[in-house]
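Peer 1: Coordinates for the following, if possible.
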Amino acid sequence: MPTRRFALAAVMALAAAPAFAQAQRTPPPMFSDADAAAVRTLIDRYFTAFSVKDYATFAQVFTAPYLMAGREGLATIPTVEGVVERYKAIRVPLENADYSASQVVEMRLTPLSGRMAMANVHWRRLKKDGSLLNEGAEVLLTAKAGGQWKMTGVIPEDLRQFKAGG
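Peer 2: Sure, this is the predicted structure:
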């Protein structure tokens with residue numbers, strides 16, 4: 001199952017990269033320590049903006065088309081506004097669950113090229129009293145365009161692979 005998820009992640013990342021055809025003709029740039037730091041900062045901004053319902057900042061972390069895998073299959077969301085609306089639909093109901101914040105527990109970053117990376121993230125949602133609401137894992141696909149890293153897609157991940165140390 002992890003191999004299938006990795007293959008799906010790779011296919012989604014390639015489909016989401018607007019400069020992929022050009023990258024095939026020129027040698028890809030190296031994925032640097034600065035790129036790794038920028039991707040980590042991007043993921044942190046995503047979780048912070050989600051937590052505090054800062055949808056203006058939240059929209060800045062995405063690029064479209066955005067690929068979203070889930071129980072219903074694979075969806076391509078053509079606009080950043082559409083992506084924000086999808087995440088609002090996830091965030092708004094959390095108010096009724098005494099939600100306070102989301103946090104990254106662990107992040108495993110895998111460069112795919114100098115312009116693309118996958119962030120495999122174990123996250124937790126906390127209640128206002130600090131107790132655990134729920135937790136999960138997902139692979140966040142990122143791409144660099146115009147000098148900025150943006151999220152290009154998301155794939156659910158099995159939380160057990162973090163718990164098992166995998």
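Peer 1: drop to CA atoms for contacts and neighbour counts, all remaining ones
Peer 2: Fine.
Peer 1: Strands of the chain, residue ranges please.
Peer 2: With DSSP state E as the criterion, the chain has strands at 62-70, 73-77, 99-111, 116-127, 132-145, 148-157.
Peer 1: Can you check which of those gets nearest to residue 32?
Peer 2: strand 99-111 (9.4 Å; Cα to Cα).
Peer 1: picking that back up, adding distance to residue 54 and mean pLDDT, write the strands of the chain out as a markdown table.
Peer 2: Output for these, formatted as a markdown table (distance: least, Cα to Cα, whole Å; pLDDT from 0 to 100):
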| stretch | distance to residue 54 | mean pLDDT |
| --- | --- | --- |
| strand 62-70 | 13 | 94 |
| strand 73-77 | 20 | 92 |
| strand 99-111 | 12 | 96 |
| strand 116-127 | 17 | 97 |
| strand 132-145 | 19 | 96 |
| strand 148-157 | 16 | 96 |
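Peer 1: In TSV: the ones you listed, plus distance to residue 56.
Peer 2: Formatted as TSV, the strands of the chain follow (distance: least, Cα to Cα, whole Å):
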stretch	distance to residue 56
strand 62-70	11
strand 73-77	18
strand 99-111	17
strand 116-127	21
strand 132-145	19
strand 148-157	14
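Peer 1: any chance of those in TSV, plus distance to residue 38 and mean neighbour count?
Peer 2: Formatted as TSV, the strands of the chain follow (distance: least, Cα to Cα, whole Å; neighbours: other Cα atoms under 10 Å):
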stretch	distance to residue 38	mean neighbour count
strand 62-70	14	21
strand 73-77	24	14
strand 99-111	11	17
strand 116-127	11	22
strand 132-145	10	20
strand 148-157	7	23
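Peer 1: quick one, longest helix in this protein?
Peer 2: helix 33-52 (DSSP state H).
Peer 1: Run the angle between that helix and strand 116-127 for me.
Peer 2: 30 degrees (axes from the mean of the first three to the mean of the last three Cα atoms, to 10 degrees).
Peer 1: For helix 33-52, buried residues please.
Peer 2: Using 16 or more other Cα atoms under 10 Å as the test for burial, helix 33-52 gives 35-36, 38-40, 42-43, 45-51.
Peer 1: on that earlier part again, show me the one of the strands of the chain that comes nearest residue 163.
Peer 2: Between the strands of the chain, strand 116-127 lies closest to residue 163; by Cα to Cα that is 9.3 Å.
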